[in-house]
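K.L.:
dropping the sequence and predicted coords here.
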Amino acid sequence: GADILTIDFVKELLTYLLLEPNRRDDGSHASNLNGAWSLERIKLRGHEGVWFLVNVVKICAPYLNSPEATAILLPFVTFACELLPVVPMWFFRPQKPLSTDESDDDDDEDLQDVGHSPQPPNATQLCEKWKSLEMFTTASFLHQCMVLYHSGTPEGTQLLCTIANLIVVRCKTPLQRATLLSVIAFERGVVASIWRRLRMPKLRDEIAKFEVGTLDQFGGVVSYLRLFADAYSHLLMTQDDDEFFGHSAEGGMYLALDDTSGSVQLSLAEKADMVVVLKDLAVSLFMGSALYFYTKEVKALRGALFKVLKQLHVRDERESFTDASAWMSSVVASSIATGIFSRITVEEFRRDQLDFTIGHAASGGTADMGVLLLLKHLPFVVPFDVRARIFQQLIANDRQTRVQIDVDPRVAFLRGANIFVTIRREHMYEDAFDQLSALGPNLRSQVRVQITNEHGLEEAGIDGGGLFREFLTDIIKQGFGPDAGLFRATPEQQIYPHPLARTHHPNALAHFEFLGRLLGKALYSGMLMELPFAPFFLSKLLGDVPFLNDLKSLDPEIHRNLLFLKHYNGDCADLSLDFSICEDADLSGTDNVVDLIPGGRDIPVTNDNKIRYVYHVANYRLNIQIRRQCNAFLKGLFDLVDREWFTMFSAPELQTLISGKETTIDINDLRNNTNYSGVFTPSHPTITMFWIVMEEMSHEDRHAVIKFVTSCRRPPLFGFSQLYPKFCIHSAGDSTDRLPTASTCMNLLKLPVFDSIDALREKLMYAVNSGAGFELS
């Protein structure tokens, strides 16, 4: 039977392992072992390699107390691993009855995966395979393999990687794979040891010269890298920031999950080194000749590296542990110098770039395939300014394709508006919702606005584009403001969808969709909006799922309490918690108790289930509670801006794209991009005094002046040359008693002629701080 298949070989192997090292050179013992191995190799076929592997690991592992013994076992186990089958889907459906007559397409495909003919085997054969696969894919067996790691030798680590990597790779269901990865990731010191093994001189040199075209030569390295990336990524999902950074808590020090021994840990310096090594390797797999060596192993390694690098980059953005230059790549810099990023088109960007072939690449568009892969899957190795310009370029390309109108707003003005709306000044948001919400994606078109006053009379002037910009700014301010009841602010005054908006506001989901569309219109039109979104909400706009670490940006107090519970050493039952949560009061003033799991209010939180409770609470507050609001908002946003384009950015970068850079106002840049009208010229005395006053201002006052004139306190992403219409200063008469005013729709500052720099400074700052609204000239 399969359970005694390897007994003769194992007996010889044990005999050899138990010998004193100096006796292993005896030719007879080595000859006996080699003879038994020769016979064993002939007998081993397909799934029988599972039984060989299980027997060898379970029986021999206790004797692996030296590098020599582990090295002896390594070639035998490596051979057996090559025989291991992919675990078919039917393995995870034990309730399905075995039959020799019935088989669906999925079963046929799965049976082919393990090397058998398309014809289904009989029940006896299927049961035999079931037994071997059941032994092979259990967490308990993987725990046995951990003994190999604890031999403390490079050979033991290599043996563990070989076994564990092939076991994990051959699991098809995410749940089974996650279970096995947990065994590896949370075993004491394993993740740190694997990384240090990778940084040993021999493997470090192999990684440095890694070429996909010679993948066979580096098969061992690929196994190491894939297992490390998968296991460390799995570990990072459960680590909070205090564990990752080693912050003190309650006077103590958190130990990361990969250093529970207290003696084996990955330091921040090692993690910084990890960023550089994995980033350079990932870039080599995404660009150049590496692209054309397309195998499942390469694709899997790319995906694993991307995932763990993204997790590390998110941590680095929250609290830097490496230099910004660590994320940059000389290979990418060379590509930027060639101008290849400026040739990317919308059609190229929408392709499924991970599933291309050489033929696809040869027949592709103007941009190098590797560049597109980087932008979608490793965007942080490309400087933000380059990606922001690509974003603007994609929008311009899309506008030309969809709207079929020249992108120059002045040409659009002469041709006439596509959409014309009349808005009452006293009811701007309500009228905008009634007239624009039904447009859907058509809101990309040019919109012209006519404002009427409280008497129903049209205000003077014609909208050439500037009025709509100011109108959009105003309705966004109203819709996202606290009075609308659709968004609420965190303690840090960052906004996110109100959990109870649907109970406070009629037709709330339609309004969320409309607000998403307005934000999309602002991005599509290149307009900056002062909307300080909460970081966890920004991550949702990028398609990510916020987790425990993101809860800090929503509710720092709940985040702090959950971390306390996670690391609590006492009896959690004494805290009288259960698997339920209390929502905010609704319109009736009643707090609602919600079960986090079925029957949760009757399930107490204990030491055994506290981690589950922590993550259920975080998931409810970050995701479940505002799911419908977020889905509606995203629907509206993606009506105007392709969701794929957002993959180029992180959450903080997306905030910059929406609101501009938090930087000082460059007075020289502003002066060089300012127009003058009326009696003013660059050399006029009043203008000379104005620029002196601007240079002497504090940073906050400079921002206030810019907001007074343009309605946004931050400069355009790439400087004032991008501001349209241009910043303009117009002479407003000789009366020194008159205050400066602004027409924000035209970026126009109307400045009286002053004969004193003190008077100019005083009047300008008084007008700026008065908070005047917009007017149309």
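P.N.:
In hand now; what should we look at?

K.L.:
sort out which residues of stretch 311-329 are buried, please.
P.N.:
Buried residues in stretch 311-329, counted by 16 or more other CB atoms under 10 Å: 311-316, 318, 321-322, 326-329. Where C-beta positions appear, they are placed from N, C-alpha and C, glycine not excepted.

K.L.:
tell me where the model's unsure across the stretch 401-550 of the chain.
P.N.:
Where the stretch 401-550 of the chain drops to pLDDT under 70, the residues are 402-417, 459-466.

K.L.:
at 50 what do you get?
P.N.:
Regions of the stretch 401-550 of the chain meeting the criterion pLDDT under 50 cover residues 405-408, 410-417.

K.L.:
so where do the helices sit in it?
P.N.:
Using DSSP state H, counting those that start in this stretch, the helices of the stretch 401-550 of the chain run over 409-415, 428-436, 466-480, 501-504, 508-524, 535-541.

K.L.:
what helices and strands are in contact with the longest one?
P.N.:
Under the contact criterion of 3 or more CB pairs under 8 Å, 6 or more residues apart in numbering; DSSP states H and E, the helices and strands touching helix 508-524 comprise helix 384-403, helix 428-436, helix 466-480, helix 501-504, helix 627-640, helix 651-659.

K.L.:
what's the second one in contact with?
P.N.:
By CB atoms under 8 Å, 6 or more residues apart in numbering, the surrounding residues in contact with helix 428-436 are 421-424, 443, 447, 471, 474-475, 478-479, 484, 511, 514, 517.

K.L.:
highest neighbour count among the residues you listed?
P.N.:
Highest neighbour count within the contacts of helix 428-436: R517, with 26 neighbours (other CB atoms under 10 Å).

K.L.:
tally of neighbours for Y724?
P.N.:
16.

K.L.:
can you put the helices and strands packed on helix 508-524 in CSV and add distance to Y766?
P.N.:
Formatted as CSV, the helices and strands packed on helix 508-524 follow (distance: least, CB to CB, whole Å):
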stretch, distance to Y766
helix 384-403, 36
helix 428-436, 27
helix 466-480, 22
helix 501-504, 38
helix 627-640, 39
helix 651-659, 27
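
K.L.:
can you tell me which of the ones you listed comes nearest to K726?
P.N.:
helix 466-480 (11.1 Å; CB to CB).

K.L.:
using CSV, write out every CA atom in that closest one.
P.N.:
The C-alpha atoms that make up helix 466-480 are tabulated as CSV, following Å, rounded to 0.1, in the frame of the first residue of the first chain:
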residue,chain,number,x,y,z
GLY,A,466,-14.5,80.5,-15.8
LEU,A,467,-18.0,80.9,-14.3
PHE,A,468,-18.6,77.1,-14.6
ARG,A,469,-15.4,76.5,-12.7
GLU,A,470,-16.5,78.8,-9.9
PHE,A,471,-20.0,77.3,-10.0
LEU,A,472,-18.6,73.8,-9.7
THR,A,473,-16.4,74.8,-6.8
ASP,A,474,-19.4,76.3,-5.0
ILE,A,475,-21.7,73.3,-5.4
ILE,A,476,-19.0,70.9,-4.4
LYS,A,477,-18.4,72.9,-1.3
GLN,A,478,-22.1,72.7,-0.5
GLY,A,479,-22.5,69.1,-1.4
PHE,A,480,-19.5,67.9,0.6
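
K.L.:
hmm, who's touching that helix?
P.N.:
Contacts with helix 466-480, where a contact means CB under 8 Å, 6+ apart, come from 423, 428-429, 432, 447-449, 451, 461, 484, 486-487, 495, 511, 514-515, 518-519, 521-522, 525, 527, 529-531, 711-712, 725, 743-747, 774, 776.
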